[in-house]
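Sequence and predicted structure, then a few things I'm wondering about:
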Protein chains: 2
Amino acid sequence: MNSSITNNESLRIEPIGHIRSDFISPFGIPRQPGLANAARASLVLTPPYDDPLSVRGLDEFSHIWLTFIFHLSPTRWKPLVRPPRLGGNAKMGVFATRSTHRPNRIGLSLVALEHIDTRNGVTLTLNGADLADGTPVVDIKPYLPWLESKPQARSGFAPEAPPLFQVTFSNQAAQQLAARPDSENLSALIQQVLAQDPRPAYRRRPDTRIHGIRLRDIDVRFRATQENVLEVIELAAI
Amino acid sequence: MNSSITNNESLRIEPIGHIRSDFISPFGIPRQPGLANAARASLVLTPPYDDPLSVRGLDEFSHIWLTFIFHLSPTRWKPLVRPPRLGGNAKMGVFATRSTHRPNRIGLSLVALEHIDTRNGVTLTLNGADLADGTPVVDIKPYLPWLESKPQARSGFAPEAPPLFQVTFSNQAAQQLAARPDSENLSALIQQVLAQDPRPAYRRRPDTRIHGIRLRDIDVRFRATQENVLEVIELAAI
């Protein structure tokens, strides 16, 4: 065994592409992939990685792994974090969580691959991505179900998807939504995103405070006046 | 959507720890995790990441993701690679494979977590790791089965684990093995590693050539005189 390794290595990596998505600010991005399939997301490869040959055969896979950088997170990290699912009180080790505040800020996300466009460079259309617009992606790998599907795996304090909130729309919000060309898809997106309660864990109780999350070109303003229900108040221009 | 992104970003990451394993040379390392559970492997975290707090709660998970760097692979990459499972002839896009020769050299491996030792820094005992001794690890994440287990996912040209070879031992090899204190476990390890046929894809036919792979402190010398059978000739000192 090699015991001569020291800890002064530094590795340089560079993005192979960037995400374009509906999630234009960090607040409101789903905390896991697969829940907001109304979200539009694509991965645009950048030169020299955008050679169509580099994705030959990838269309034979329904799901892919994206390794990316949480570029909106601070580079500073702490050994303990407060997972939202534990209500923001209990602290867990950063490596026992999928927190965005972590050493090297490396993210890993399993997304459905919808389409590959190689007419002008390479653009992958994704489904169920939980990635901020502008996210630098550093690797793509095919998902191997016979290797990576472990339904019996034990997952302790994160045994299942967090429960979902009910989402309602005020009359004003419903009218604003109806007037938009993307009303149907945007309505689904807002519901999917708010159902996960994007409020910070320490604020997760009914109150009269109005919160906002930015999706596409709008600021979705909402409040939580009842337990487990979020009401969309209005769609404000950004 | 942010279209102002240029491709001149460079990201610096550093190892949070290193692998210690039976795989002391790149030749013979299983091409996927989980197949060689007789292999000894551990992940030793390095300062400042070796704070026991950073892994608090990780023992609640049976499986973990390791993101690591294929440090023995060249930094040079090509858009097309030849997956061993396709016999070394067909070329696929590098991002459609799990090849070690890839941009940024980032590896991803799902391994079973056996034990966490926090008495002196942090050491994780792993099972089923397919990682070279000395591999720099850049992230640890818990495996979330309700999110990452997708048994129905389509995986095209890699629909299942590659077929296994039969492994036999010459009298000489059997005697050398029996004389070792780790004979039982080493025998299992040799069989698990050779069953995957570690020969380069272009050499995968019966011949009289003698090959060698290094495991622990020995050079396992073998040949493939019949179809789908590898015979261990001798265990040579390194």
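Alright, I've got the coordinates.

does A:V111 really touch A:T135, like I thought?
No. With contact defined as Cβ atoms under 8 Å, A:V111 does not reach A:T135; the gap is 11.8 Å. Using the backbone N, CA and C atoms, a C-beta is placed for each residue, glycine as well.

the more surrounded of those two?
Shown here are A:V111 and A:T135; by other Cβ atoms under 10 Å in any protein chain shown, A:T135 has more neighbours (28 against 23).

Show the contacting residues for the more buried one.
By Cβ atoms under 8 Å, 6 or more residues apart in numbering or on different chains, A:T135 lies in contact with A:18-19, A:21, A:68-71, A:107.

Pipe the residues you listed into a markdown table and attach distance to chain B per row.
Formatted as a markdown table, the contacts of A:T135 follow (distance: Cβ to the nearest Cβ, whole Å):
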| residue | distance to chain B |
| --- | --- |
| A:H18 | 5 |
| A:I19 | 9 |
| A:S21 | 8 |
| A:F68 | 10 |
| A:I69 | 6 |
| A:F70 | 11 |
| A:H71 | 9 |
| A:G107 | 9 |
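
Tell me which of those residues fall in strands.
Secondary structure from DSSP state E places A:18-19, A:21, A:68-69, A:107 of those in strands.

Tell me the bridge partners for A:V232.
Counting by DSSP bridges, A:V232 forms beta bridges with A:F169, A:F222.

Distance check, it against A:R203.
17 Å (Cβ to Cβ, to the nearest Å).

Counting neighbours, go ahead and name the busier of these two.
Set A:V232 next to A:R203 and count neighbours by other Cβ under 10 Å: A:V232 wins out with 22 against 12.

In contact with that one, which residues?
Going by Cβ under 8 Å, 6+ apart, A:V232 touches A:167-170, A:173, A:190, A:194, A:220-222.

Please pick the buried ones from those.
Among the contacts of A:V232, the ones that count as buried by 16 or more other Cβ atoms under 10 Å in any protein chain shown are A:167, A:169, A:173, A:190, A:194, A:220-222.

So A:R31: helix, strand or coil?
Three-state call for A:R31 (DSSP: H, G, I helix; E, B strand; the rest coil): coil.

quick one: it and A:S109 touch, right?
No. A:R31 is not in contact with A:S109 according to Cβ under 8 Å; the separation is 11.0 Å.

Return every residue with contacts to both of the two.
A:D130.

what about these two, which has more around it?
Each of A:R31 and A:S109 has its neighbours counted (other Cβ under 10 Å); A:S109 has more, 23 against 17.

Am I right that the more buried one is in a strand?
Yes. Under the criterion used here (three-state DSSP), A:S109 sits inside a strand.

Can you name the residues that contact it?
A:S109 neighbours (Cβ under 8 Å, 6+ apart): A:33, A:65-66, A:68, A:129-131.

Is it possible to get CSV of the contacts of A:T135 that adds neighbour count and pLDDT?
Output for these, formatted as CSV (neighbours: other Cβ atoms under 10 Å in any protein chain shown; pLDDT from 0 to 100):
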residue, neighbour count, pLDDT
A:H18, 26, 98
A:I19, 27, 98
A:S21, 25, 96
A:F68, 26, 98
A:I69, 19, 97
A:F70, 20, 96
A:H71, 19, 95
A:G107, 25, 97
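
and of these, the nearest to B:P181?
Of all the contacts of A:T135, A:G107 has the smallest distance to B:P181: 43.6 Å, by Cβ to Cβ.

mind checking the end-to-end distance for stretch A:158-177?
End-to-end span of stretch A:158-177 (Cα to Cα, to the nearest Å): 35 Å.

So what touches stretch A:183-200?
With contacts defined as Cβ under 8 Å, 6+ apart, stretch A:183-200 is touched by A:22, A:27-31, A:35-40, A:84, A:88, A:162, A:164-167, A:169, A:177, A:180, A:204, A:211, A:213, A:215-216, A:220, A:222, A:224, A:230, A:232.

ranking the contacts of A:S109 by neighbours, who comes first?
Counting neighbours by other Cβ under 10 Å, A:A129 comes out on top of those with 30 neighbours.

pretty sure that one is touching A:L110, no?
No. Taking Cβ under 8 Å as the definition, A:A129 is not a contact partner of A:L110, at 9.8 Å.

which residues does A:S42 contact?
A:19-21, A:123-126.

From those, keep the buried residues only.
Neighbour-count burial (16+ other Cβ under 10 Å) applied to the contacts of A:S42 gives A:19-21, A:123-124, A:126.

A:V94 and A:R105 touch, don't they?
No. When contacts are counted by Cβ under 8 Å, A:V94 is not listed as touching A:R105 (11.1 Å).

Please identify which of those two sits among more neighbours.
Counted by other Cβ under 10 Å, A:V94 and A:R105 do not tie: A:V94 has more neighbours, with 28 against 20.

pLDDT at that one, what is it?
Model confidence at A:V94, expressed as pLDDT, equals 98.

again with A:L35
In this model, A:L35 carries a pLDDT of 83.

wait, doesn't it sit right on A:D130?
Yes. With contact defined as Cβ under 8 Å, A:L35 counts as touching A:D130 (7.4 Å).

Work out the gap between stretch A:50-64 and the centre of the chain.
Chain-centre distance of stretch A:50-64: 22 Å, with Cα atoms, centre = their mean, to the nearest Å.
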